[in-house]
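Visitor: Structural data only, the sequence is not supplied:
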């Protein structure tokens, strides 16, 4: 079963590029260009990874991440912040709020895909470990 990635990004060119890359790699991909729509899509689709732009219209990325981390059932969703806001203060704020990774635009497609695969791989490993009985 294909892993699902939700892209919360309002720049159409970046969304199209990410959809192309992720689909080519075998992921099921959905996108939203606005924070409120992204929150609804997260609840409905339960993606394996959220790629989150900081400067979204509606609920911005900071507030959306804060809501996710405060919501049971959504708090453990892996989140990769993807933004043009590359100042250290913005990176630190996203990481403090619970982002799992932070990539600054413009980005390398190869690096981005490696980071995505690592985040999804960690989540898959953690889920398997939590349901696999241990024989200690």
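Guide: Arrived safely. Bear in mind that the values here come from a model prediction, so they are computed numbers and not experimental data.

Visitor: Now for the residue nearest the centre of the chain: which residues touch it?
Guide: Centroid-nearest residue in the chain: residue 50, 2.1 Å away (criterion: CA atoms, centre = their mean). For residue 50, the contact set (CB atoms under 8 Å, 6 or more residues apart in numbering) comprises 5, 6, 8, 38, 42, 68, 77, 78, 79, 80. Placement of C-beta: from N, CA and C, glycine included.

Visitor: per-residue confidence for it?
Guide: Residue 50 carries a pLDDT value of 98.

Visitor: Can you classify it as helix, strand or coil?
Guide: Remark: residue 50 carries the secondary structure label strand [criterion: DSSP: H, G, I helix; E, B strand; the rest coil].

Visitor: In contact with residue 46: list those residues for me.
Guide: Residue 46 touches residue 4, counting by CB under 8 Å, 6+ apart.

Visitor: where does this structure dip in pLDDT?
Guide: Within the chain, the stretches falling below the threshold (pLDDT under 70) are 85-86, 123-136.

Visitor: one more time with 50, if that's ok
Guide: Scanning the chain with the threshold set as pLDDT under 50 gives 131, 134, 136.

Visitor: How many residues are close by residue 13?
Guide: If you count neighbours by other CB atoms under 10 Å, residue 13 ends up with 8.

Visitor: For the remainder of this discussion, apply numbering that starts at 527.
Guide: With 527 as the first residue, the last one maps to residue 539.

Visitor: Now do it against residue 545, distance only.
Guide: Per CB to CB, to the nearest Å, residue 539 is found 11 Å from residue 545.

Visitor: any idea how far the residue nearest to the centre of the chain is from residue 536?
Guide: Taking CB to CB, one finds residue 576 at 15 Å from residue 536.

Visitor: Same check on residue 600?
Guide: In this structure, residue 600 and residue 536 are separated by 21 Å, where distance is defined by CB to CB.

Visitor: so residue 555 sits in a helix?
Guide: No. Counting by three-state DSSP, residue 555 falls outside a helix, being strand.

Visitor: wait, what's in contact with the spatially closest residue to it that is not a sequence neighbour?
Guide: In this structure, residue 555 finds its nearest non-sequential neighbour in residue 548, 4.6 Å apart by CB to CB, 6 or more residues apart in numbering. Residues counted as contacts of residue 548 (CB under 8 Å, 6+ apart) are 531, 533, 555, 642.

Visitor: That's all I had, so thanks and see you.
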